[in-house]
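**Q** heads up, no residue letters with this:
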């Protein structure tokens with residue numbers, strides 16, 4: 001599994017992936033099997049960061065509410081954080097952590113954007129393409145897209161547009177919390193992304209698969225730092 005290693009190569013690959021036209025995916029009429037991953041950088045190595053920052057990646061597979069498998073992989077950042085180029089920093093280690101899980105998953109949740117991106121191919125879309133699994137991005141804010149927020153009731157959504165294209169939705173996942181962004185990504189449109197995020201909401205702001213991946217990564221980080 002190879003990833004672009006320079007900004008120019010990544011930009012070219014993003015444009016290529018964004019220009020493909022894969023068959024759209026729709027959620028099955030049953031509980032979803034969802035893979036998710038989260039990168040926890042070592043404390044003191046957050047913010048924009050540097051090449052070589054150490055991290056632990058938590059990856060999980062959930063079947064409905066049941067945690068089927070969890071794994072942790074150590075990794076290093078391939079680049080500092082630059083908006084639109086997150087794949088250089090996190091892509092390879094996320095792919096390695098998720099690769100054994102996605103064959104059994106219906107869909108992948110990624111803490112990154114999808115079509116809301118200067119070249120319409122953020123890391124959530126890129127990972128889905130590389131791993132050959134439908135994907136949805138989930139973030140706390142947009143990258144470039146804009147639109148009014150949703151109603152206060154859980155499950156409420158509101159569209160987000162980048163130019164004339166709807167690239168995602170605000171989704172209210174729980175009462176009394178700020179909404180998250182559900183990003184259209186690999187083989188998913190905005191409506192499907194919102195439906196997946198809503199289906200994965202369990203009373204917390206963060207959808208449950210990503211919350212579990214974050215828990216696994218942070219727990220491993222805490223155990224490592226306590227040694």
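**A** Perfect, I can see it now. Owing to the predicted nature of the structure, the values given are computational and were not obtained by experimental measurement. Numbers count the residues shown, from 1 in each chain.
**Q** which element is residue 119 on?
**A** Using DSSP states H and E, residue 119 is not contained in any helix or strand.
**Q** surely it is in contact with residue 83?
**A** No - counting by Cβ atoms under 8 Å, residue 119 sits too far from residue 83 to count as a contact (11.9 Å). All C-beta spots, glycine's among them, are computed from the backbone N, C-alpha and C.
**Q** just want to know which of those two has more residues nearby.
**A** When neighbours are counted by other Cβ atoms under 10 Å, residue 119 comes out ahead of the other of residue 119 and residue 83, with 18 against 11.
**Q** how about the more buried one, what does it touch?
**A** Contacts for residue 119 (Cβ atoms under 8 Å, 6 or more residues apart in numbering) come out as 11, 14-15, 18, 84.
**Q** please apply the same query to residue 166.
**A** Taking Cβ under 8 Å, 6+ apart as the test, what residue 166 contacts is 159-160, 184, 189-190.
**Q** and what of residue 224?
**A** Counting by Cβ under 8 Å, 6+ apart, residue 224 has contacts residue 56.
**Q** now it: phi and psi?
**A** Dihedral pair for residue 224: phi -70, psi -40, per degrees, to the nearest 10.
**Q** give me the phi and psi for residue 187.
**A** Dihedral angles for residue 187 - degrees, to the nearest 10 - are phi 70, psi 10.
**Q** on that earlier part again, if you rank the contacts of residue 166 by neighbours, which is first?
**A** In the contacts of residue 166, the most neighbours by other Cβ under 10 Å go to residue 184, 29 neighbours.
**Q** ok, that residue to residue 93 distance?
**A** 24 Å (Cβ to Cβ, to the nearest Å).
**Q** same check on residue 211?
**A** For residue 211 relative to residue 93 (Cβ to Cβ), the value is 20 Å.
**Q** on that earlier part again, are any of the contacts of residue 119 buried, and which?
**A** Listed as buried from the contacts of residue 119 are 11, 14, 18, 84; burial here means 16 or more other Cβ atoms under 10 Å.
**Q** how near is the first one to residue 62?
**A** Distance check for residue 11 against residue 62: by Cβ to Cβ, it reads 33 Å.
**Q** rewinding a little: pick out the most distant pair among the buried ones among the contacts of residue 119.
**A** Spatially, the most separated pair among the buried ones among the contacts of residue 119 is 18 and 84, at 12.1 Å (Cβ to Cβ).
**Q** skipping adjacent residues, who's closest to the residue nearest in space to the middle of the chain in space?
**A** Relative to the mean C-alpha position of the chain, the nearest C-alpha, by Cα atoms, centre = their mean, is the one of residue 110, at 1.3 Å. In this structure, residue 110 finds its nearest non-sequential neighbour in residue 124, 3.9 Å apart by Cβ to Cβ, 6 or more residues apart in numbering.
**Q** ok, the one you found - contacts?
**A** For residue 124, counting by Cβ under 8 Å, 6+ apart, the contacting residues are 108, 110, 112-114, 135-138, 183, 185-186.
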